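Asker: this is a predicted model, with the sequence first.
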Amino acid sequence: MSLIVELSDEVLARLQAAAKARGVSVAELATETLSHVPAVDGDFASLVTSTITEHREILDSLAAT
């Protein structure tokens, strides 16, 4: 599976430095890091999505303040 990510120059430089310190490539560092991210629970994701949809007006008002 491929993933393309747009990064700022600063973030890319930090990733390159971290990868170099570990003796791996940026791709290997990303693979290792992402392997520790837990899978998203589908039911929970659905609940969050429906809650956001239901309360969109309130959330937008809060974001504007």
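Answerer: Here it is on my side, so go on.
Asker: now whichever strand or helix holds residue 13: average pLDDT?
Answerer: Assigning secondary structure by DSSP states H and E places residue 13 in helix 9-22. Helix 9-22 shows a mean pLDDT of 96.
Asker: list the helices and strands it packs on?
Answerer: helix 26-34 (3 or more Cβ pairs under 8 Å, 6 or more residues apart in numbering; DSSP states H and E). C-beta here means a position set from N, CA and C on the backbone, and glycine is covered the same way.
Asker: how about low-confidence regions in this structure?
Answerer: For the chain, no stretch is flagged by pLDDT under 70.
Asker: recalculate using a threshold of 90.
Answerer: 1-5, 34, 37-42, 45, 59, 64-65 (pLDDT under 90).
Asker: residue contacts, residue 48?
Answerer: With contacts defined as Cβ atoms under 8 Å, 6 or more residues apart in numbering, residue 48 has no neighbours.
Asker: tell me which helix or strand it sits in.
Answerer: helix 42-54.
Asker: do residue 60 as well
Answerer: helix 56-64.
Asker: now do that helix: distance to the chain's middle.
Answerer: Remark: helix 56-64 is offset 23 Å from the chain centroid, using Cα atoms, centre = their mean, to the nearest Å.
Asker: same check on stretch 56-65?
Answerer: 23 Å.
Asker: residue 63 and residue 29: what is the separation?
Answerer: For residue 63, the distance to residue 29 (Cβ to Cβ, to the nearest Å) stands at 33 Å.
Asker: cool, residue 23 as well?
Answerer: Distance, residue 23 to residue 29, using Cβ to Cβ: 10 Å.
Asker: compare the two (neighbour count), which wins?
Answerer: A count of neighbours by other Cβ atoms under 10 Å puts residue 29 above the other of residue 23 and residue 29, at 17 against 7.
Asker: got the CA positions of the helix holding residue 13 in CSV?
Answerer: Only the C-alpha atoms of helix 9-22 are listed here, as CSV (Å, rounded to 0.1, in the frame of the first residue of the first chain):
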residue,chain,number,x,y,z
ASP,A,9,10.3,21.5,4.8
GLU,A,10,10.7,21.7,8.5
VAL,A,11,8.8,18.5,9.2
LEU,A,12,10.7,16.7,6.5
ALA,A,13,14.0,17.8,7.9
ARG,A,14,13.0,16.6,11.4
LEU,A,15,11.9,13.2,10.0
GLN,A,16,15.1,12.9,8.0
ALA,A,17,17.1,13.7,11.2
ALA,A,18,15.2,11.2,13.2
ALA,A,19,15.6,8.5,10.6
LYS,A,20,19.3,9.2,10.2
ALA,A,21,19.7,8.9,14.0
ARG,A,22,18.1,5.5,13.9
